[in-house]
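[1] no FASTA, just this:
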């Protein structure tokens, strides 16, 4: 966390030996606090650290998640087998007040005890959700009028998060479905009426869900961003690395947005909850095939050490 009720918390788990991370955050409030919200993102993304990796699987293909073919893609950090086997069985999360920039670039940080720590950039799939508090840069009456008319385009173009994201100021490398539901904040509690108090806060999409994966799948569905690349390459089946290759490409992990909705019937809060349904494709290790390859390698090594005493 950071302070008060603003900050972030994350959970990391392993699924088919792929690292999945989910972050929930609450950024700074108020209409004009864009810079503070951006700073909250930077601090959380750089300071959240997990004390140990959840998989000791061998290096897998590192696939570009950037649409630019010329942009360099660094390899993922790899740890020695001793580091992996000496790590604690339960991953622990620490929010650090500062971090060495060189270590942040690699996604690996060492604690005072020398144990490895991994950041959000090491996850195969990252889902980041919460009350980010980005507002719509229009007046209260303009937003209410557009919602009443069923015209959300002007609101989307005035959305602060969309503008900051397009400048790569926040949530770099992540994507979001375009909201096709009315702004989810702020309501008179217990109703579906926008803020009728003296403050008349501008209705906004404060509650959002963004995500990224090693190789984003082509997005489908109305309003979904399609800017992060396509799968391509290998056909379905196994290869000699002992891995089951997903159809359509060498996919380490792929997330595809299926739906992005609000829950207008919920009246317990001055927010309307938002939910996203993601379809994940994960590269699953073929344990039997890898075991055969290991035995084959051991046999070759053993035979190479045999001495022909007859010569």
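    Arrived safely, thanks for sending. It should be emphasised that the depicted structure is a prediction, and the values quoted were computed from it without experimental measurement.
[2] Could you list the buried residues of the host helix or strand of residue 154?
    Secondary structure from DSSP states H and E places residue 154 in helix 153-157. The neighbour-count check on helix 153-157 (16 or more other CB atoms under 10 Å) flags residue 155 as buried. C-beta: built from backbone N, CA, C; applies to glycine.
[3] ok, now stretch 132-148?
    Here stretch 132-148 shows 132, 133, 134, 135, 136, 137, 138, 142, 143, 144, 146, 147 as buried, counting by 16+ other CB under 10 Å.
[4] picking that back up, run through the neighbouring helices and strands of the helix holding residue 154.
    helix 140-148 (3 or more CB pairs under 8 Å, 6 or more residues apart in numbering; DSSP states H and E).
[5] what's next to the helix it packs on, contact-wise?
    136, 138, 152, 154-155, 182-183, 194-195, 200-204 (CB atoms under 8 Å, 6 or more residues apart in numbering).
[6] can you list those residues in TSV and add distance to residue 262?
    As requested, the contacts of helix 140-148 are exported to TSV (distance: CB to CB, whole Å):
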residue	distance to residue 262
136	15
138	19
152	12
154	18
155	13
182	7
183	9
194	14
195	17
200	21
201	17
202	17
203	12
204	12
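[7] And the helices in the stretch 1-150 of the chain?
    Secondary structure of the stretch 1-150 of the chain (DSSP state H, counting those that start in this stretch): helices at 34-47, 81-85, 101-106, 140-148.
[8] least reliable of those helices going by mean pLDDT?
    Of all the helices of the stretch 1-150 of the chain, helix 81-85 carries the lowest average pLDDT, namely a mean of 30.
[9] can you count the residues close to residue 118?
    Counted with other CB atoms under 10 Å, the neighbours of residue 118 add up to 25.
[10] ok, it touching residue 49?
    Yes: assessed by CB atoms under 8 Å, residue 118 is found in contact with residue 49 at 6.9 Å.
[11] nearest residue to residue 158 other than its sequence neighbours?
    Distance criterion CB to CB, 6 or more residues apart in numbering; nearest residue to residue 158, sequence neighbours excluded, is residue 137 at 4.5 Å.
[12] Contacts only, for that neighbour.
    So residue 137 contacts 158, 159, 160 (CB under 8 Å, 6+ apart).
[13] How many neighbouring residues does the closest residue to residue 48 other than its chain neighbours have?
    Leaving aside its chain neighbours, residue 48 sits nearest to residue 10 (5.2 Å; criterion: CB to CB, 6+ apart). By other CB under 10 Å, 21 other residues sit near residue 10.
[14] Could you do residue 121 as well?
    Neighbour tally, residue 121, other CB under 10 Å: 20.
[15] Kindly state the beta-bridge partners for the residue lying closest to residue 24 once chain neighbours are set aside.
    Nearest non-adjacent residue to residue 24, counting by CB to CB, 6+ apart: residue 130, 4.8 Å away. With DSSP bridges as the criterion, residue 130 is bridged to residue 25, residue 208.
[16] Next: residue 6.
    In beta-bridge terms (that is, DSSP bridges), residue 6 pairs with residue 3.
[17] Equivalent analysis for the one 5 residues further on, please.
    When assigned by DSSP bridges, residue 11 has beta-bridge partners residue 22.
[18] any idea how far it is from residue 5?
    Remark: distance between residue 11 and residue 5 (CB to CB, to the nearest Å) = 19 Å.
[19] neighbour-wise, which of these two wins?
    Legend: neighbour count by other CB under 10 Å for residue 11 and residue 5, higher for residue 11 (12 against 9).
[20] pretty sure the more buried one contacts residue 21?
    Yes: assessed by CB under 8 Å, residue 11 is found in contact with residue 21 at 7.3 Å.
[21] Tell me who's in contact with the nearest residue to residue 36 once chain neighbours are set aside.
    Leaving aside its chain neighbours, residue 36 sits nearest to residue 28 (3.9 Å; criterion: CB to CB, 6+ apart). Going by CB under 8 Å, 6+ apart, residue 28 touches 6, 36, 37, 39, 40, 133.
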